[in-house]
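Q: Turn this into a model:
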Amino acid sequence: MSMFVIGDKQTLLGFGLVGVPGKVVADADQARTTLDELIDRDDIELILITEELAAQMRERVDELRLTRLHPVIVEIPGSRSEEPTRSLRDIVQNVVGIRLNP
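A: Numbering: from 1, shown residues only. So this is what the prediction gives:
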């Protein structure tokens, strides 16, 4: 399964450690542009986007989820997430299905 991450530098660093490519974006406009570039690519099956960015462009994310089956768009906590108990290791394991050893 091919994945791509849209988010902040820290989030991409974590996913990059397990080989998931991505793009660092600074704001919702850059995230929207990146998302729109990815949705028509046949080689991307899963797009991971940080919750913070998805919230800033909620209408577009929801529209794509309702109108397109491919690729799947999943929101993930970013480095600025309100969930301090979940480590990046746990997030990667839950989303990617790969267990990282400490």
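Q: next one: stretch 23-33 to chain centre, how far?
A: Relative to its chain's centre, stretch 23-33 lies at 11 Å (C-alpha atoms, centre = their mean, to the nearest Å).
Q: Offset the numbering so it begins at 15, please.
A: Let's use 15 as the start, then, which means that last one is stretch 37-47.
Q: which of the residues in that stretch are buried?
A: Going by neighbour count (16 or more other C-beta atoms under 10 Å), the buried part of stretch 37-47 is K37, V39, A42, A45, R46. All C-beta atoms are positioned from the backbone trio N, CA, C, and that covers glycine.
Q: Then stretch 85-92?
A: Buried residues in stretch 85-92 (16+ other C-beta under 10 Å): P85, I87, E89, I90, P91, G92.
Q: ok, the helix or strand the third one falls within: who's next to it in the sheet?
A: Following DSSP states H and E, the helix or strand that holds E89 is strand 86-90. Strand 86-90 has the following strand partners under DSSP bridges: strand 60-64 (parallel).
Q: Find the nearest non-adjacent residue to L62, please.
A: Leaving aside its sequence neighbours, L62 sits nearest to V19 (C-beta to C-beta, 6 or more residues apart in numbering; 4.6 Å).
Q: now do Q70
A: Nearest to Q70 is A42, by C-beta to C-beta, 6+ apart, at 3.7 Å.
Q: So the one you found is in contact with R72, correct?
A: No: at 9.6 Å, A42 does not count as touching R72 under the criterion of C-beta atoms under 8 Å.
Q: Doesn't K37 belong to a strand?
A: Yes: counting by DSSP: H, G, I helix; E, B strand; the rest coil, K37 is located in a strand.
Q: about what we covered before: ok, the buried residues of stretch 37-47 vs L27, which is closest?
A: Using C-beta to C-beta, K37 comes nearest to L27 of the buried residues of stretch 37-47, at 12.6 Å.
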